[in-house]
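1. pasting the sequence and the predicted coordinates here, then a few questions.
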Amino acid sequence: METFLQYGKDALRINVPDHSKVIEPSHLEGLQDDKAAVMEALQHPIGVPPLREMVKATDKVAIVISDITRPTPNHKLVPWLIEELAHVPAEQFVIINGTGTHRDQTREEFVQMLGEEVVDKVRVINHHCHNKDELVNLGRISFGCDAYLNKEYVEADFRIVTGFIEPHFFAGFSGGPKGIMPGIAGIETILTFHNARMIGDPLATWGNMEHNPLQEMAGEVNRLCKPEFMLNVALNKDKEITQVFAGELFEAHKQGCAFAKEHAMVPVEQRFDVVITSNSGYPLDQNLYQAVKGMSAAHKIVKQGGTIIVASECSDGIPDHGNYAGILQLRKTPQEILELINDPSFSQFDQWQVQKQAVVQVWADVYVRSSLPDGLIEQAMLKPSANIDDTLQQLAHKYGESMSVAVLPLGPLTIPYVKGE
């Protein structure tokens with residue numbers, strides 16, 4: 001039968017066996033009037049007074065946004081926030097791009113993310129995790145490191161964090177406190193947040209918030225300099241807003257996570273020989289680093305010794321920035337990579353993504369359908385797939401006519417799990 005995978009800004013058509021199981025989240029239509037829904041949420045938020053009443057006209061207001069690798073509709077959310085706070089002069093806002101360890105965005109990218117009017121009128125800055133002059137040390141935390149956060153955020157009179165909520169492969173769910181930690185944290189704090197012990201904890205996984213060490217650390221750092229207001233949304237496969245969660249950080253995020261869990265997590269009866277997944281299309285599939293999320297979603301339901309095929313356009317390459325590609329070159333096998341990363345003397349940013357990838361690769365073979373040259377995919381210890389239909393035919397010889405196949409068209413926007421595991 002014919003089905004599709006989200007790929008770049010389009011859909012990739014593939015042919016799979018008729019008995020294949022296509023797994024998608026329950027479809028929700030976008031809100032008919034998303035602006036009205038957001039304004040209502042700002043005026044009647046969860047656990048705090050209306051936003052407009054909380055902010056004085058003299059306040060310096062910091063709005064933290066997620067970077068270009070996330071589909072948060074900040075081109076809508078940020079103008080609506082500024083409209084609701086019309087009594088605050090434009091020059092008293094600062095928009096902080098929560099890059100974490102990712103690259104800066106250009107002005108053109110900011111226009112794409114926020115709209116030209118916002119970029120022309122309001123100061124927009126990139127967060128730089130390595131520049132201590134742009135950070136404030138808020139003190140030692142129980143996880144054994146200092147908590148560094150962006151200086152402009154800390155020194156603002158009123159702080160707002162935006163984002164969107166979906167299952168996350170080690171934090172349980174995205175959004176909420178993650179906008180601050182690691183979004184605008186310093187590199188020392190980020191390295192602890194993503195160290196081998198934290199990432200390797202069995203409770204650091206899709207959809208789990210209970211005793212998840214990453215959520216616990218994010219919460220501790222946020223409480224040192226908590227955003228006074230959170231605005232998060234849920235999205236469907238067309239990146240349309242399906243629900244709005246605004247107000248007190250932890251309570252509003254908790255309600256958003258419950259909503260995402262209900263609609264995005266799908267049970268299956270058993271594991272599959274082959275799982276074909278996307279990486280949710282653009283903007284999440286811009287590079288191979290982010291494609292680890294699609295691999296990790298497929299890992300939830302593939303048999304040990306099975307095969308994952310991930311379709312990720314990788315228009316931004318491996319990418320060139322960061323340590324991901326370099327760490328993958330340090331050893332010859334995924335098992336050796338895991339041993340390296342689990343050595344307490346080893347610490348490099350981006351090791352968390354390599355660690356998650358290696359865990360998947362020790363369990364199953366991973367093929368990648370992308371725009372990357374085969375050589376680059378092979379350098380990452382992955383197998384290139386020029387054509388998914390052809391790769392499936394080759395795998396049928398390995399697994400036999402009864403080869404079981406699952407398809408995740410939306411990639412990590414759907415998180416399948418095996419009942420009872």
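-> Cool, got the structure.

2. residue ranges with poor pLDDT in the stretch 1-150 of the chain?
-> Within the stretch 1-150 of the chain, not a single segment meets pLDDT under 70.

3. and the helices in it?
-> Remark: helices assigned in the stretch 1-150 of the chain by DSSP state H, counting those that start in this stretch are 34-43, 51-54, 74-84, 107-114, 116-121.

4. mind checking which of those helices is nearest Val136?
-> Comparison of the helices of the stretch 1-150 of the chain against Val136 by CB to CB identifies helix 51-54 as nearest, at 22.5 Å. For glycine as for every other residue, the C-beta is placed from the backbone atoms N, C-alpha and C.

5. so which elements touch that closest one?
-> On a contact count with 3 or more CB pairs under 8 Å, 6 or more residues apart in numbering; DSSP states H and E, helix 51-54 meets helix 34-43, helix 74-84.

6. buried stuff in that helix?
-> Leu51 (16 or more other CB atoms under 10 Å).

7. what does stretch 235-255 give?
-> Under 16+ other CB under 10 Å, the buried positions of stretch 235-255 are 235-237, 239, 241-255.

8. using CSV, list the CA coordinates for it.
-> The C-alpha coordinates for stretch 235-255 follow below in CSV (Å, rounded to 0.1, in the frame of the first residue of the first chain):
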residue,chain,number,x,y,z
LEU,A,235,0.3,21.5,17.5
ASN,A,236,-1.1,19.0,15.0
LYS,A,237,0.8,17.5,12.0
ASP,A,238,0.1,20.7,10.0
LYS,A,239,1.8,22.7,12.8
GLU,A,240,-1.6,24.3,13.6
ILE,A,241,-2.4,25.2,17.2
THR,A,242,-4.8,22.7,18.8
GLN,A,243,-4.7,23.9,22.4
VAL,A,244,-3.2,26.7,24.5
PHE,A,245,-1.6,26.4,28.0
ALA,A,246,-0.8,29.7,29.7
GLY,A,247,0.0,30.8,33.2
GLU,A,248,2.0,29.5,36.1
LEU,A,249,5.0,27.6,34.7
PHE,A,250,4.7,24.2,36.4
GLU,A,251,0.9,23.9,36.6
ALA,A,252,0.2,25.1,33.0
HIS,A,253,3.0,22.8,31.7
LYS,A,254,1.6,19.8,33.7
GLN,A,255,-1.8,20.3,32.0
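
9. measure how far it is from the centre of its chain, please.
-> 14 Å (CA atoms, centre = their mean, to the nearest Å).

10. what of stretch 386-397?
-> With CA atoms, centre = their mean, you get 29 Å for stretch 386-397.

11. what comes up buried for it?
-> Buried, per 16+ other CB under 10 Å, within stretch 386-397: 388, 391-392, 395-396.

12. could you do stretch 109-116 as well?
-> Applying 16+ other CB under 10 Å to stretch 109-116 flags 110-114 as buried.

13. show me the buried residues of stretch 386-397 that map onto helices.
-> In helices, defined here by DSSP state H, the members of those are 388, 391-392, 395-396.

14. need those in TSV with distance to His75 and pLDDT, can you?
-> As requested, those are exported to TSV (distance: CB to CB, whole Å; pLDDT from 0 to 100):
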residue	distance to His75	pLDDT
Ile388	33	98
Thr391	37	98
Leu392	38	97
Leu395	41	98
Ala396	44	96
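
15. still on that earlier bit, Pro89: which of the buried residues of stretch 386-397 is nearest?
-> Nearest member of the buried residues of stretch 386-397 to Pro89, counting by CB to CB, is Ile388, at 53.3 Å.

16. how about the contacts made by the closest one?
-> Residues counted as contacts of Ile388 (CB atoms under 8 Å, 6 or more residues apart in numbering) are 5, 12, 14, 276, 309, 311, 369.

17. how much space separates it from Lys21?
-> Separation of Ile388 from Lys21 (CB to CB, to the nearest Å): 16 Å.

18. cool, Gly219 as well?
-> With distances taken as CB to CB, Gly219 is found 37 Å from Lys21.

19. report all helices and strands that the strand or helix carrying Pro416 contacts.
-> Assigned by DSSP states H and E, Pro416 belongs to strand 415-418. Applying 3+ CB pairs under 8 Å, 6+ apart, we find strand 415-418 packed against strand 265-268.

20. neighbouring contacts of the strand it packs on?
-> Contacts for strand 265-268 (CB under 8 Å, 6+ apart): 21, 23-25, 167, 206-207, 301, 406, 414-419.

21. from those, which would you call buried?
-> 21, 23, 25, 167, 206-207, 301, 406, 414-417.

22. any idea which of those is least confident?
-> For these, the model is least confident at Pro25; its pLDDT is 85.

23. possible to save the ones in helices among the buried residues of stretch 386-397 as JSON lines with distance to Ala37?
-> Formatted as JSON lines, those follow (distance: CB to CB, whole Å):
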{"residue": "Ile388", "distance to Ala37": "38"}
{"residue": "Thr391", "distance to Ala37": "42"}
{"residue": "Leu392", "distance to Ala37": "42"}
{"residue": "Leu395", "distance to Ala37": "45"}
{"residue": "Ala396", "distance to Ala37": "47"}
